Structure formats: structure tokens, C-alpha cells
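Engineer: Next one to model:
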Amino acid sequence: MKASSAHRLYWTAALTLPLLASHGTAHADPVSEEDELALVYGASDSVSIATGNLQTLRRAPAVATVITAADIAAMGATDLDQVLESVPGVHVNRTPNSNSPLYVVRGIVSAYTPQILMLQNGVPITTSYVGNKGNIWAGYPVEHIARIEIIRGPGSALYGSDAYSGVINIITKGPGEVLGTEVGARAGTFHSYDGWVQHGGKLGPVEVAAYLRVGQTDGNDRIIEADAQSRNDALFKTHASLAPGRLNNQYKAIDGNLDLIYGQWRARIGYKKRYDMGTGAGIASALDPLGRQQSERITGTLAWAQPQLTRDWGVGASLSSQQYSQEVSAIYQLLPPGLTFPTGTFPNGMLGAPETFERNYRLAGYADYSGFSDHHARIGAGHDDLELYRAQEFRNFNYAPNGTPIPLPAVIDVTNTTPFMRPQRRKVDYLYLQDEWNFAKDWNLTAGIRHDHYSDFGGTTNPRLALVWDASFDLTAKLLYGRAFRAPAFLESYGISNPVALGNPNLKPERNATTEMSFNWQARTDATVNLTFYRYDMKNIIRTVVNPVPGTGATYANAGDQRGHGVELESNWNVTRDLHLSGNYAWQRSTDQTTHTDAGYAPRQHAYGRADWSYANGYQAGAQLNWVAGRERAFGDARPAIADYTTVDLTLATRNGRNQWNFALALRNAFNADVREPSPAPGLTLPHDLPMAPRTISLQASYKM
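Structural biologist: Residues are numbered from 1 along each chain as shown. This is a model prediction of the structure:
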């Protein structure tokens, strides 16, 4: 038997045999009343992201995962990325530029992963420049998260653009969930420090929840053996590279939220700032110890909902905004001093400072109707106004026609002469329809369709169908089909000064069609097993294509197709009232249809397991294992396949009630595995890939009043 097959069978057995064995044994002690966290923040067996209405996870017309505040506490997570790595079919990759996380779902990988839609409280936090959540990300704290809902698979029929490989909705804690005041502090490896306070209560007739967190870290500073300048040195016989040298992952952080509820009205304001932030392995994959950057995100939503306007009608509307900026606080050293090109030498290095400023407004409304027998219909409409209102750049170089930098005598402002982009604005109007039809006993059909019209490239229509069958009291089967799209980012359509990757205003959206079959088995009252098969077909993938005229660089174009299929298995088992086991295993194959080779860089196999044990009085211990395997190189990358890895995390925590201190000790990558995430093809910039953090430790203390 091949090693890969053996690993696959091992993980399948490890995740399912305990449940199968237990099915024939005497039932364990009945589960007592839920843990306080689960009671406050909701159970993981209901979801709203699949249709916009709360329903049981088992019968939701989607392949979905829900992670509650109780789950986050049990796994000892301190950041969103650690949580998402536990979701079947999801892997957190990294980009050399700013160490930004890339959320890889079912084998779909790209430079910025704009193919997954991120929501905060149901509102997109997408940035228009590169189409993702923003590259200067630097983590997302978890103390104020009530629950995270994740859809794997298409969601454009309900959410529009970017709901392509999946949707992640972060739901923050509201007034009914914070319940009093909590203060906390944490310290850990890499001189990492965090402190936060959150409060929930009433101010007259207004319910209030508030959260504030400040933190800083020096970040993972592992050694980069060779970088982009190392190759330049070999070509031009120079010695400018700073490699071997350390990653520059430091940053400081401020996060805040304010949530106000008055009757049917709800206002949310969010703030996320990252500053004094390093550039990871460098903006151009060359080590940069001097460059500093910052991002600022201000979000606001005013929503009104009347679920029971009349006996048959419920309505709601919202107005939301996002102000987002990416700025350079100390000019980037794109390539180090002493580098030489055929166009000249850069004695001070190749320096640049590109900055973007965005404001996005979204108006949305919906109406639910349940007056038809066995139907629940929804109609919704909205308008988005997305504007990159300022783009400015300072640099000490221009470009030759073939893309080679030409040195300038000093850093100059090129905003009004040869900028990387000029201000852009995009308007989107959309309309969607959805019907949940219980057409027979134990059978439910959800049908939906959405049309989006973009001011710059026209319209796109995306349907979905979901058939859900309760085959027996303990088994539910789902057959799902959906189409999704991703609108071109402003950089892809309108980038103008970098001939290495020129924008193309004639781009069309990327498209994806996915079919899924899923089985949800309630193996016993305290154990579940879910099995999903899927297949997808991606069209019009946006990639850079070398221009036909020699020496004129490359341009973004709709120039790729990709097909993929896979299996996801997950299980949960409350062995006793004090012991909980959970795990998942994902297998996938993704093929580039142009080269007929593996699309590259996503794990072909990924397994995760977790055990949570409550013991003594108010103590909890946890252990989790993460195995990532089978990451092939993309076409044109001659390096060996990326090494597999296994990490083990350990947690010890107290679970005392109010007016008492709680402590948590977390050890991540306990056995110090050498974890590396792939650098982009063809591997000439970071030939040894991007090293992740070694063993780390953190100690947290919190007090609830």
C-alpha cells in the first residue's frame, strides 16, 4: 500500500472508529446542562449564514461549520487564523508580503485569496484594491467573537461577489452575550502582549456592548535563508542581499467595537488599526528591516428589522460603511542598497511607498413571506458604492518598457505622473430571490437566484438549488448545486504603471460551479458524523499573462480554468460529560486545466483532531493535532514538493464563575515542528519557502464581574 493511502486510511479510521465502536455499546452518561459559554453564546448546531434565517445546522441547505466562543476558549486560540485551521477543507497559508493569511478552501489558492468572502456581522469587509480583506491584516482577536459561521462552497446566490470558494461570517458579542464586565491580559513568545476590556449592559432603554483591545508583538522572526535579492546577486555578481536574515513580523494593534440596540434598531461601530508593522519577508520578497506600514479600518452599520411586521411578512434593512486605508509609515526597502540592474545601480536600495484609501457604502433590504403553505420566501435588493478615492505613491525608480526598474536620483512623488493606480469607483445593484419549500414530509427544496449589475463590466446571474432529505430520524442527506463569481479587483482591472502586472479593464468575473453531496448522521444522542463529497469547475480565472510583444511585461487576463473534487469527513463525540472528542479529515485534488497538472500549494490531505477534558473543579485541559500533507508545486516550479508537517497544541485553563480570576496556558507547536508555507512559483524569490512560528507559549488572565 502506498504511504499516502495508508495515511488516508489511518485518519479515516482515527476519526470514525471511536463512533462506530461506541454505537454498539451501552450509552454513556447523559450530557448534563450545557457549559455556561455555550448557553450564553449559542450552540454549534444552528446556523443563519446558509439562508439568512436561523435553522439547524443538520438541515441547513449548505455545507457549513459553526464555531462558538466555547469552542474558541477550549482550543486555546488567541487569533482567528488558529480557529479557521480547525475547519474541514480550510487551510491557512501565508503570503511573503506582510505575512498576510491566505484562507485556502478546497484547493483554491491565489496570490491574495479574494475567492473567499469575509463578513463581519453579515456585512462584507472586502477591500476593493486587491479584492480580499486587506493585505495589512496582522491578525484578528477572538475575545469579542460570539461565533463564527463558515460555508464551504458557493454562496453568490445570496451574498454576491467573492462568495466563491466559501463564506466566513464573524459574529461579535452583543449586549445579551457579554453580560457584565470582563478584563483580560495575555503575554507570550516574541514579546507579545495584549490587554482588553469588554462590557455589556443597559444605558436607559439602550442595550450596550463595548470592547477595546490593545496589543503588540515582535512576531515570528525565523531565518530566511535566501530571498529575491539572492537571485539578483547571482545574476549580476553583487552582494546586496540581507539573507540569511530574520523575518520582520512585528506590529502594534488597536481593536474596538460598540454595539447598541434600541427596540428594532441596531447600530454597530468597529475599529481595527495595525501600525508600526513590518513587511514579513518583504513587499517584493526581499528582506526589509526598515519598512513600516499601517492599516486602519472603520466600519459602521445601522440596521432595522421587524421579523413579524404582519402575520406573514417580516422585513429588514441596513446601511453600512467601511473606511479603509493602507499607508506606509517608513518607506519600503523593496530591494536592498547596492543592488544592480542593467539599467543602473541603487546605492540606497529600491525604495517605494504605495498607499490606498477606500470608502465603501452598502444599502440593503429584504422581505420574508410565509403566507404560502409550506413555503418561506425571501426577496432582497441592494446597492453598493465602492470607491478607491485616493492612491498615492513615492518611489526612487521608474520602469523600462520590459519592466526593469530604472533608478532615479531621489525618492519623488509620482502620484500625478506614473502612479500604480488612479482613483476608481464601482457601483453595484443587485436583486435576489429565495424560496424554502417543504414539498413533502421530510423533504425540503431551497432555490435561489441573484443578479448583480456592475457599473464597469456588466451583469452576472448566479443560481443555487439545495435538496435536503431527512432519510430517517438520525440521517439527513443533502444534494447541493450552486454557481458563484468573483469580480475583478481594482488592481487587476486598473493597475497602470507596473508592466510586470498591468491592469486590464476588459476583465470578466471568475466563475465557479459546484456540486455537493452531504450526509449528516446522528450516530447517537451525543455523537455526530458528517460526510461530504464535492466537485467544482472554475472558469475565467484571472492570471497574469506575458504580453505577445517581447519585452513589454505582463497583463492580467481571464486565462485559466481549474477543476477539483474532494471528500470531507468530520465527527464530534461527547464521550462523557467531561470529555469531548472532535476531528475532521479532508482529501482533495485540484487540476489546472491548461497544464493538466496539480494546481499546487494546497494540502491534498489535511486532518485535525481535538480532545477537551474537564476535570477536578473548574479546570480544563485540551490537546489538538494538525496534520498537513501532499502540497504539490504549481506548474513551472521545479522545487521538490513542500514537506508535510504535524503540529500538536496543548492548553490548560480554569473555568471559574464570575468575580473570580481565570487563567489559560497555551503551548502551540509543542514539538517544534519545522512548518513552512509555500512561496509563489517559480520559487526564485524565496526558494526555501516561508517558515512559520516555532514552539510558542502564552499565558492569559481574565476577570469577570
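
Engineer: Backbone dihedrals for residue 73, please?
Structural biologist: Per-residue torsions, residue 73: phi -60, psi -40 (degrees, to the nearest 10).

Engineer: so it makes contact with residue 654?
Structural biologist: No - taking contact to mean C-beta atoms under 8 Å, the distance of 10.9 Å between residue 73 and residue 654 leaves them out of contact. C-beta: built from backbone N, CA, C; applies to glycine.

Engineer: between the two, which one's more packed in?
Structural biologist: Neighbour comparison, residue 73 and residue 654: the larger count goes to residue 73, with 22 against 17 (by other C-beta atoms under 10 Å).

Engineer: Quick one: residues contacting the residue sitting nearest the centre point of the chain.
Structural biologist: With the centre of the chain defined as its mean C-alpha position, the nearest residue by C-alpha atoms, centre = their mean is residue 103, 4.4 Å away. Contacts for residue 103 (C-beta atoms under 8 Å, 6 or more residues apart in numbering) come out as 84, 90, 92-93, 113, 116, 166, 168.

Engineer: Point out the ones among those residues that are inside strands.
Structural biologist: Taking DSSP state E as the definition of strands, these contribute 90, 92-93, 116, 166, 168.

Engineer: can you pick the most crowded of these?
Structural biologist: Within the ones in strands among the contacts of residue 103, residue 166 tops the neighbour count with 28 neighbours, counted by other C-beta under 10 Å.

Engineer: Could you count how many residues lie near residue 119?
Structural biologist: Residues contacting residue 119 under the criterion other C-beta under 10 Å number 20.

Engineer: Could you find the closest non-adjacent residue to it?
Structural biologist: Closest residue to residue 119 in three dimensions, ignoring its sequence neighbours and counting by C-beta to C-beta, 6 or more residues apart in numbering: residue 169, at 4.2 Å.

Engineer: From what I see, the one you found and residue 52 are in contact.
Structural biologist: No - using C-beta under 8 Å, residue 169 and residue 52 do not qualify as a contacting pair, with a distance of 10.9 Å.

Engineer: Please tell me how far residue 266 sits from residue 126.
Structural biologist: 22 Å (C-beta to C-beta, to the nearest Å).

Engineer: Tell me where the model's unsure across the protein.
Structural biologist: Across the chain, residues meeting the criterion (pLDDT under 70) sit at 1-44, 550-552.

Engineer: can you pull out the helices in the chain?
Structural biologist: 3-23, 36-41, 69-74, 80-84, 156-159, 175-178, 228-236, 490-494 (DSSP state H).

Engineer: follow-up on the earlier one: so which of residue 266 and residue 126 has more stuff around it?
Structural biologist: residue 126 (25 against 19).

Engineer: count of residues packed around the closest residue to the more buried one other than its chain neighbours?
Structural biologist: Nearest residue to residue 126, sequence neighbours excluded (C-beta to C-beta, 6+ apart): residue 162, at 5.9 Å. Applying other C-beta under 10 Å, we find 28 other residues in the vicinity of residue 162.

Engineer: Tell me the spacing between residue 162 and residue 99.
Structural biologist: Residue 162 is 22 Å from residue 99, by C-beta to C-beta.

Engineer: try residue 353
Structural biologist: Counting by C-beta to C-beta, the separation of residue 353 from residue 99 is 19 Å.

Engineer: For residue 305, name its beta-bridge partners.
Structural biologist: For residue 305, the beta-bridge partners under DSSP bridges are residue 316.

Engineer: what's near enough to touch it?
Structural biologist: Contacts for residue 305 were tallied using C-beta under 8 Å, 6+ apart; they are 264, 266, 314-317.

Engineer: Could you check how far it is from residue 311?
Structural biologist: From residue 305 across to residue 311, the span is 17 Å (C-beta to C-beta).

Engineer: try residue 521
Structural biologist: Using C-beta to C-beta, we find residue 521 at a distance of 37 Å from residue 311.

Engineer: now do residue 83
Structural biologist: Using C-beta to C-beta, residue 83 is found at 40 Å from residue 311.

Engineer: Could you check which of those two is surrounded by more residues?
Structural biologist: It is residue 83, of residue 83 and residue 311, that has more neighbours when counted by other C-beta under 10 Å, with 22 against 7.

Engineer: Just the buried ones from the contacts of residue 305, in ChimeraX syntax?
Structural biologist: Command for ChimeraX, covering only those of those found buried under the criterion 16 or more other C-beta atoms under 10 Å:
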select :266,314,315,316,317
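
Engineer: Dump the contacts of residue 305 into a markdown table; add distance to residue 588 as well.
Structural biologist: Supplementary listing: these in a markdown table, determined by distance: C-beta to C-beta, whole Å:
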| residue | distance to residue 588 |
| --- | --- |
| 264 | 44 |
| 266 | 39 |
| 314 | 39 |
| 315 | 41 |
| 316 | 37 |
| 317 | 39 |
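
Engineer: now, the most widely separated pair of the contacts of residue 305?
Structural biologist: With distance counted by C-beta to C-beta, no two of those lie farther apart than 266 and 314, which are 15.2 Å apart.

Engineer: So which residues of the stretch 151-300 of the chain form strands?
Structural biologist: If DSSP state E, counting those that start in this stretch is used as the criterion, the strands of the stretch 151-300 of the chain fall at 166-172, 180-188, 192-203, 206-217, 223-224, 245-246, 251-262, 265-277, 292-306.

Engineer: Can you name every helix or strand that the fifth one contacts?
Structural biologist: Looking back up the chat, that one is strand 223-224. For strand 223-224, the contact count by 3 or more C-beta pairs under 8 Å, 6 or more residues apart in numbering; DSSP states H and E identifies strand 245-246 as packing neighbours.

Engineer: Contacts for the strand it packs on next, please.
Structural biologist: Contacts to strand 245-246, defined as C-beta under 8 Å, 6+ apart, come from residues 221-224, 227, 287, 289.

Engineer: are any of those buried, and which?
Structural biologist: When burial is judged by neighbour count using 16+ other C-beta under 10 Å, the buried members of the contacts of strand 245-246 are 221-222, 224, 227, 287.

Engineer: can you pull the contacts of the closest residue to residue 67 other than its chain neighbours?
Structural biologist: If the residues on either side of it in the chain are set aside, residue 67 comes closest to residue 148, at 4.5 Å by C-beta to C-beta, 6+ apart. Residue 148 is in contact with 66-67, 80, 83-84, 168-171, counting by C-beta under 8 Å, 6+ apart.
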